[in-house]
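Visitor: Below are the sequence and a predicted model; questions follow.
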Amino acid sequence: MKTVVIGVIGADVHAVGNKIIDHVLSENGYNVVNVGVLSSQEDFINAAIETDANAILISSLYGHGEMDCKFFKEKCVEAGLEDVKLYVGGNIVVGKQDNAEVEEKFKEMGFDRVYMPGQKIEDALTHLKEDLG
Amino acid sequence: MKTVVIGVIGADVHAVGNKIIDHVLSENGYNVVNVGVLSSQEDFINAAIETDANAILISSLYGHGEMDCKFFKEKCVEAGLEDVKLYVGGNIVVGKQDNAEVEEKFKEMGFDRVYMPGQKIEDALTHLKEDLG
Amino acid sequence: MIQNKKIPLEDFLNTRKEVLNQWETGSHPDLKLENAVKKLKNIPNHKNFSYVLKKAKSEGRTLIQPRAGVALIDKHIELLQFLEKEGHADFLPATIDSYTRQNRYQNAEDGIKESQRQNRSLLNGFPAVNHGVDGCEKVFNAINVPLQARHGTPDARLLTEIIHASGWTSNEGGGISYNIPYAKNISLEDTIEYWQYCDRLVGYYQEQGIELNREPFGPLTGTLVPPSISNTVAIVEALLAATQGVKNITVGYGQGGNLVQDVAALRALEEQTNSYLKQFGFSDVFVTTVFHQWMGGFPSDENEATSLIGYASTVATLGNATKMITKTTHESFGIPTKEANAQGLRASKYLTNLLKDQVLSDSKELTNEITQIKREVDILMHAIVRVGKGDLAQGIINAFKSGLIDVPFAPSEMTAGKIMPARDLDGKIRVFEFGDIAFDESIKEFHRNKLKRRAKKQKRELSIQMVIDDIYAVANGNLVGQKGEEKKHDN
Amino acid sequence: MIQNKKIPLEDFLNTRKEVLNQWETGSHPDLKLENAVKKLKNIPNHKNFSYVLKKAKSEGRTLIQPRAGVALIDKHIELLQFLEKEGHADFLPATIDSYTRQNRYQNAEDGIKESQRQNRSLLNGFPAVNHGVDGCEKVFNAINVPLQARHGTPDARLLTEIIHASGWTSNEGGGISYNIPYAKNISLEDTIEYWQYCDRLVGYYQEQGIELNREPFGPLTGTLVPPSISNTVAIVEALLAATQGVKNITVGYGQGGNLVQDVAALRALEEQTNSYLKQFGFSDVFVTTVFHQWMGGFPSDENEATSLIGYASTVATLGNATKMITKTTHESFGIPTKEANAQGLRASKYLTNLLKDQVLSDSKELTNEITQIKREVDILMHAIVRVGKGDLAQGIINAFKSGLIDVPFAPSEMTAGKIMPARDLDGKIRVFEFGDIAFDESIKEFHRNKLKRRAKKQKRELSIQMVIDDIYAVANGNLVGQKGEEKKHDN
Ligand code: B12
Ligand code: B12
């Protein structure tokens, strides 16, 4: 059973998607470790270390995603999590921006998969299978 | 009292605006000669000759205005009505087109005043005063 | 003297020869009835108007249909495919151009040529007669939903022949509703006769086992028409059509603006159409309703227009109409682009779908309004039957002649044009000038009281200026006209 | 132990010193109460929330207000001026950024700097505390309608001080409504105390003859919240505010989706807020209602979004809300541009104005629903008072602790999160998992029956998957979720 850490980063309290992600991934056979809303980068990293996770799925809905995710990959590497897959999704930037540009920005920051508004957790299931086996 | 001929040109049956124009111009002291809907160029010209009109106000709502108004000025001149002011208004072309271009097109055709969708008869009152005195 | 009797087959076939001679496209081999019958029998259910309407009715759904028509066949196909794909239209139309509507096929021909030359449509619709069966069938084959002709043609006999022979399974119109708002001095005798022909053709096909749909044009002039008047016309046309053998009829109503009055009108329309059909001996006609989104002057701001489209969709769905005709954000300017048209459809579909599980529930206000409309319709129907001395066709002709029934703001000289409507305080359409309309004193009292209350509240006279304000109001964002509406339109 | 008692002036002034020390902008001279009082007394009526609300209420109008907030002062002014001019907003907001909401003023400062550097807002709102009185007053002076802070701040004491001292005449929030949906593990004891302070400040100003408006946040999590739960929270917060001397309160409700349930909720909310205020001894509080356009996931198509905005406006107006908070076509993507925001306002205003003369009239369905909501609210209020042993503050804290009242989908650990709502067949929000909520057996039976009927009709289990489908549904154009909603979102 693969383990994934999920949660909502920063000062973000959007809880609905997080609860659904928890349910859908559990139903699909993952061991879900949910750090919940209002979680810091450290909360995600600590949970991933403790549970030996295969992937970290960050949600950011409220617009500050760009600031909140800065140097996250670097910190993961520092913590010895270089092989852990990093996903991010929700409404990860402020406003309606060009999807391709946003994706590139987050890929450059070290995320493996970047999801745009309107992409639901169900859309990530095949990717998770591909990436985690 | 100035006399104006009004009507709706071509195969056009939009009657509501025509009835309002009739009322508003009469209220404002004009002698209104209304040839009604479904009127040909000849209907307008004959009415103008018979009543010694000062202006002809053509309505076209249904989109065929461009075709229906072709050579109207020329026919007026032929009929000795070169001094009669020509106004056209309503929805005079097919579809939402550039206002300035449409205005130019109808001015080239010999119309003195051209009114775009949304311009009501009330908007023409000052012009009529200016033009007819 | 024209009467409401089923046209004998032989007479019909004789007239038919003349009709098919009106323009060269009338000679197409598929206009041989046996060929047309064969073609129509092969139409799959999902492209059959009657079938799709019946299904929607049984599911309680409100389906949507745009207006759309351009001069050239390929462009028209492109347009319809776009509206099907991007707009999720449930039904498609060919809105017919105004020259064809006046049987000016030569003008239409010029319009087609000029449109080809300039590579844009100079016609305000699709000239189906000029394009003939080949053109019309090409359009039909290019889409996946039922197709209907929508027009406003007093004499649509050739047009009707051509579209049905091309697989189009519905035709809008009627001897009254395609005369009064669409003509100036064609007699009702003539237009009723023309439309008896159109209905008889559908009746003929019905006898061959092909159920085509017919749709009287509900909104009439689209301008402050009191519901009882448009409902009466719709019911009369349904009876005239049924007499010719039509078995699938969609009666229509144009949004008035007040939610309760509109839902009441829809419900009264459906109930009374069914009950009058039974009363006249037609027990196997399938009746549905169509609601037209606001038919008067539209706001020019696109967001306001979309909002009005949304409101109309709410009313249609809560009123449980089976079909709704949509408008677009370009309405106040001109014929919409295909994009604008599809956007109107999307906005509409979103709400017909969202609200499909809800209806407006009975309230005292609603049942009172239904009762009021029905009572007025009954009185009008009674007067029509009376002056027809038993014949409905003669009745409606005479009733119009004597002003017993009257339509406001119509171009036609066949209606008295004396009736003058205005809105009451909550925006319901009432009458303040009755002319000779057949309402009894208690009905007139009801209307007068409603309008007096408004005049008092607004501190003004009941006058033509109030009516003009009401006509301008919706485009300005008001339902009940305010003093000086004409000055507000530049918002 | 915190209690629902008016804070003595001395205690308040003591706490105030600490509060003003929380960030450097707390030292502004206008935060001296006598200065603030002078400033607030000079505000003209048309920029005074309480005044404009009272006027709207007396005219039966529904006024509109957007959400809007960006990092920098000048940009925020530009935004608000645009919304006033192009959107015809009746009230303006500063939506506060999320760092400020969590009192992370240093993060907000970084956000301001970064926004200046990149010349675009990297904050999701206006950091009012960092901008201080000078910045906030500059904003206030730049507009011509009343201004309000809208946020979601558990501890908004400093923020509240600053905005009121800057002439902003309304503040959204409350000790419950700005905790449960906006925090994770801050106790209700703390947030109720913080908001007693905010209310006490308003009470102080009231004593000086300045009537400021307060608005509990109605929609809570915006996600399938049963009306009786959000109404109960609103009523409790109104009582808490009134206790501190607040005299002008706008209670809120977020659109649920079913027309009748939404109108019923609005009517029940207004009536019960007034009656509980009287019952608790407050006879001079002026109560209005605010309706929030759909607060859940929005459709991505802009025409569909506008249509939903139009439907919401229809409901608000027919339900006679005094204010409506608008959404935009960008809702599902991110913070809207000023253009998109103004468009949402125009679409909204068009209908609030068009429908101003209509209300939804009483039907059995409507009165039943009002009765149902009121009965549930009464039971919840009763339970709260009971476990508070006479004190409302203790009551609501204990009721949440024991799950007697519970909010679905909340981030906060202070609510049990056991309650599970779902829609019934016509889209009304019902409950199928009650946790420990204080409903009696007959209420539970009512809800269960409604949902059983849906499960039966849809041939499926009452399960969490049904709830997820309901959450996704509106964005897909359905109200009642269908099986497999998650697959439909790419339309
Ligand atoms: C009501 C209406 C109808 C009714 C008309 C009833 C009747 N017999 O009167 C019905 C339903 C029958 C109808 C039919 C058709 N209509 Co129509 N109709 C309208 C609608 C919705 C309102 C018109 C109206 O009454 N407005 C209120 C009056 C008071 O305003 P008005 O007519 O604009 O007139 C005022 C001003 O324009 C101005 N004005 C007018 N003329 C002049 C002249 C001068 C000199 C001046 C100064 C001012 C001026 O002053 C008037 C009074 O203030 C408009 C769209 C809109 N405006 O929202 C479409 C519209 C005019 N119709 C249109 C069309 C195409 C048709 C049809 C072909 C069917 C179709 N495709 O939908 C048929 C045409 C039939 C025919 N042969 O003419 C199009 C025209 C398209 C274009 N120009 O590109 C419009 C714009 C709708 C659209 N966007 O597609 N229609
Ligand atoms: C409901 C809601 C709220 C509720 C939240 C209640 C709660 N505590 O949960 C309330 C009202 C409290 C709220 C508050 C705020 N909100 Co809000 N909210 C929404 C709204 C309308 C719906 C969110 C939702 O629940 N959707 C339903 C769930 C199921 O979908 P979801 O959250 O998108 O999650 C799914 C997908 O995104 C995806 N997903 C999410 N994360 C990830 C991660 C991975 C790896 C993958 C693969 C997929 C994935 O899968 C999830 C399940 O399918 C959205 C707009 C919208 N979507 O229509 C705005 C929205 C998210 N909110 C927004 C904002 C700004 C705020 C506020 C700052 C206030 C404000 N300005 O309005 C505060 C923030 C407070 C804070 N500190 O966080 C903005 C964000 C702007 C931006 N990014 O540019 C949005 C987009 C609205 C907008 N257009 O302005 N909000």
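Guide: Happy to help now that I have it. Ligands and ions are numbered 1, 2, ... in the order given.
Visitor: how about residue 33, what does it touch?
Guide: I'll assume chain A. Residue A:33 makes contact with A:3, A:4, A:5, A:6, A:47, A:48, A:51, A:53, according to CB atoms under 8 Å, 6 or more residues apart in numbering or on different chains. From N, CA and C alone the C-beta is placed, and that goes for glycine too.
Visitor: not what I meant, chain C
Guide: Counting by CB under 8 Å, 6+ apart, residue C:33 touches residue C:204.
Visitor: do you know how far it is from residue C:206?
Guide: For residue C:33, the distance to residue C:206 equals 13 Å [CB to CB, to the nearest Å].
Visitor: ditto for residue C:92
Guide: 23 Å.
Visitor: Give me the more crowded residue out of those two.
Guide: Between residue C:92 and residue C:206, counted using other CB atoms under 10 Å in any protein chain shown, the more crowded position is residue C:92 (26 against 18).
Visitor: That one pairs with what?
Guide: residue C:147 (DSSP bridges).
Visitor: what's the single longest helix in chain C?
Guide: helix C:364-387 (DSSP state H).
Visitor: C-terminal to that one, what's the next element?
Guide: Next along the chain after helix C:364-387, taking DSSP states H and E as the criterion, comes helix C:392-401.
Visitor: and after that next one, which helix or strand comes next?
Guide: Elements were assigned by DSSP H and E; along the chain past helix C:392-401, the next helix or strand is strand C:420-423.
Visitor: export that following strand as PDB, just CAs?
Guide: The C-alpha trace of strand C:420-423 is given here as PDB (Å, rounded to 0.1, in the frame of the first residue of the first chain):
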ATOM      1  CA  MET C 420     -53.900  49.400 -24.800                       C
ATOM      2  CA  PRO C 421     -52.100  47.400 -22.200                       C
ATOM      3  CA  ALA C 422     -49.900  48.600 -19.300                       C
ATOM      4  CA  ARG C 423     -48.300  47.000 -16.300                       C
END
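Visitor: From the chain's centroid, how far away is it?
Guide: Distance of strand C:420-423 from the chain centroid (CA atoms, centre = their mean, to the nearest Å) equals 21 Å.
Visitor: wait, does that strand contact chain B?
Guide: No: Strand C:420-423 lies apart from chain B when judged by CB under 8 Å from any CB of the partner chain; the minimum separation is 10.9 Å.
Visitor: ok, that strand: who's next to it in the sheet?
Guide: Strand C:420-423 has these strand partners (DSSP bridges): strand C:429-433 (antiparallel).
Visitor: Quick one: work out the angle between the helix or strand following the partner strand and helix C:364-387.
Guide: The helix or strand immediately downstream of strand C:429-433 is helix C:441-457, counting by DSSP H and E. Relative orientation of helix C:441-457 versus helix C:364-387 (axes from the mean of the first three to the mean of the last three CA atoms, to 10 degrees): 130 degrees.
Visitor: ok, the nearest residue to residue C:417 once chain neighbours are set aside to residue C:56 distance?
Guide: Of all residues not flanking residue C:417 in the chain, residue C:410 sits nearest, at 6.3 Å (CB to CB, 6 or more residues apart in numbering or on different chains). Distance of residue C:410 to residue C:56, given as CB to CB: 32 Å.
Visitor: How about the backbone phi and psi for the closest residue to chain C within chain A?
Guide: The nearest approach of chain A to chain C comes at residue A:118, 15.6 Å away (CB to the nearest CB). Dihedral pair for residue A:118: phi 100, psi -20, per degrees, to the nearest 10.
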